[in-house]
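A.B. asks: Let's see this in three dimensions:
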Amino acid sequence: MEHSFTHHGQSKRLKNWARALANFGAGLGAALALSLAACGSSQENKAAASASPTQLAGSARPALWELSDEDTTIYLFGTVHMLKPGMEWFDGEVKAAFDRSDELVMEVVEPDPSKMNSIVTTLALNPNGPTITSRLTPEEKERYLKALADNGLPAATMDQLDPWMVAITLSVAPLQRLGYDQNIGVEKTLEQAARDAGKTVTGLETAEQQLGYFDTLPEQAQLVYLNTTVAELPKVESEFDQLLRNWAEGKPDALAEQMNASLEATPELAKLLLFDRNARWADWVAKRLEQPGTVFLAVGAGHLAGKNSVLDMLNQRKLAAKRLVTTEVAQK
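C.D. replies: Numbers count the residues shown, from 1 in each chain. A predicted model of the protein is given here:
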């Protein structure tokens, strides 16, 4: 593949796409890519995790909203996919609202490992096509292979995947090395609690849909996305720490600005990954209000704040959700 661009505007556009994907893609596909990253984890990764600094600890107060009518209540809660031990968030009004709910609705219900493997094989595996390393310049290849080695990811396995899948896997692998764990993340905790309580658990999207957003990207955009992800790896820890702090302290506007600002320079991606999905989810909420019951809706926190968020689109329909959880946070 040709890596040089004859048109400066196209080069800038692709780089904007890549930065937006690097910032937003990890949130969208992280839960579905973590199994790949885990497969490549080494003992060195575990040692690095045990030696890494501890995240914000104590009692978190993430934002929670309620939308209700005469016979229906829908709680809207923003999630983060990975946490470390020591953050207490599933208590207080969040736990009370969850306990009052009959069903849990998430962005996606992660399939069982065998089905997930089949989905990844169908969408992301590229065993007969050109390898990733063959499509990189010598300098890009050197940086890419170093990033894989630093994060305990096997180059031979990654080389058989599409660039978008490797980019997502690389974006979450450093967090795993630092001790962040999907299994104690918000979605996993909520899903397990819901199943233990016999609640209905459903997803707004499927795994195929979520990964399909990336699989349909042009090949050149995927490669730029991968190279940008590699370049941004040194910032992963500090940026995720700030995102997590904004979430824990109940600052949805700051969190949304951090997560979604990069999409402003890429309106086509903003429409695909954010605004169109928010519109569909707002439609779902409005329609669900027509049926009695109590629902706990948990989606990525970036979807619940800012212009054209789910809440904003509901407001445009004269459906105003009220904030329930205060912004106070007790720190240890």
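
A.B. asks: Now residue 231: phi and psi?
C.D. replies: Residue 231 has phi and psi values of phi -70, psi -30 when expressed as degrees, to the nearest 10.

A.B. asks: I figured it hits residue 143, correct?
C.D. replies: Yes. Contact between residue 231 and residue 143 holds when scored by C-beta atoms under 8 Å: they sit 7.5 Å apart. Quick note: C-beta positions are derived from backbone N, CA and C, even for glycine.

A.B. asks: Can you work out which residues contact both of those two?
C.D. replies: Common contacts of residue 231 and residue 143, defined by C-beta atoms under 8 Å, 6 or more residues apart in numbering, are absent altogether.

A.B. asks: If you average the pLDDT over stretch 298-317, what comes out?
C.D. replies: Regarding stretch 298-317, the rounded mean pLDDT is 93.

A.B. asks: Where does pLDDT dip in the chain?
C.D. replies: Judged against pLDDT under 70, the low-scoring parts of the chain cover residues 1-58, 261-265, 325-332.

A.B. asks: 80 instead?
C.D. replies: Screening the chain residue by residue with the criterion pLDDT under 80, one finds the ranges 1-58, 259-269, 325-332.

A.B. asks: What segments of the stretch 51-200 of the chain are strands?
C.D. replies: Counting by DSSP state E, counting those that start in this stretch, the stretch 51-200 of the chain has strands at residues 58-59, 64-68, 72-79, 87-88, 103-108, 200-205.

A.B. asks: JSON lines please, covering the ones you listed and showing mean neighbour count.
C.D. replies: Formatted as JSON lines, the strands of the stretch 51-200 of the chain follow (neighbours: other C-beta atoms under 10 Å):
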{"stretch": "strand 58-59", "mean neighbour count": "14"}
{"stretch": "strand 64-68", "mean neighbour count": "20"}
{"stretch": "strand 72-79", "mean neighbour count": "22"}
{"stretch": "strand 87-88", "mean neighbour count": "17"}
{"stretch": "strand 103-108", "mean neighbour count": "22"}
{"stretch": "strand 200-205", "mean neighbour count": "15"}
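
A.B. asks: Let me have those in TSV, extended by distance to residue 193.
C.D. replies: TSV is the format used below for the strands of the stretch 51-200 of the chain (distance: least, C-beta to C-beta, whole Å):
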stretch	distance to residue 193
strand 58-59	18
strand 64-68	15
strand 72-79	13
strand 87-88	14
strand 103-108	8
strand 200-205	10
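
A.B. asks: what's residue 115 in contact with, if anything?
C.D. replies: Residues touching residue 115, when contacts are defined by C-beta under 8 Å, 6+ apart, comprise residue 207.

A.B. asks: For residue 291, see how far away it is.
C.D. replies: Distance, residue 115 to residue 291, using C-beta to C-beta, to the nearest Å: 29 Å.

A.B. asks: Check residue 241 too.
C.D. replies: Shown here: residue 241 relative to residue 291, a distance of 40 Å by C-beta to C-beta.

A.B. asks: Quick one: residues contacting residue 282.
C.D. replies: Remark: with contacts taken as C-beta under 8 Å, 6+ apart, residue 282 is in contact with 310, 313, 314, 317.

A.B. asks: I meant residue 186, not that one.
C.D. replies: Residue 186 neighbours (C-beta under 8 Å, 6+ apart): 79, 80, 81, 83, 89, 298.

A.B. asks: Residue 241 and residue 291 - which one has more neighbours?
C.D. replies: The residue with more neighbours, out of residue 241 and residue 291, is residue 241; 15 against 9, by other C-beta atoms under 10 Å.

A.B. asks: buried set for the host helix or strand of the more buried one?
C.D. replies: Element membership of residue 241, judged by DSSP states H and E, is helix 236-248. Buried residues in helix 236-248, counted by 16 or more other C-beta atoms under 10 Å: 236, 237, 239, 240, 243, 244, 245, 246, 247, 248.

A.B. asks: now that helix, how far from the centre of its chain.
C.D. replies: A distance of 13 Å separates the centroid of the chain from that of helix 236-248, by C-alpha atoms, centre = their mean, to the nearest Å.

A.B. asks: which residues are in contact with it?
C.D. replies: 23, 55-56, 60-62, 78, 80, 83, 87, 89, 171, 174-175, 178, 180, 252, 254-255, 258-259, 301, 329.

A.B. asks: From residue 102, how far off is residue 212?
C.D. replies: When C-beta to C-beta is the yardstick, residue 212 and residue 102 sit 30 Å from each other.

A.B. asks: Chain neighbours aside, what residue packs nearest to residue 278?
C.D. replies: Distances taken as C-beta to C-beta, 6 or more residues apart in numbering put residue 310 closest to residue 278, at 4.9 Å, once the chain neighbours are dropped.
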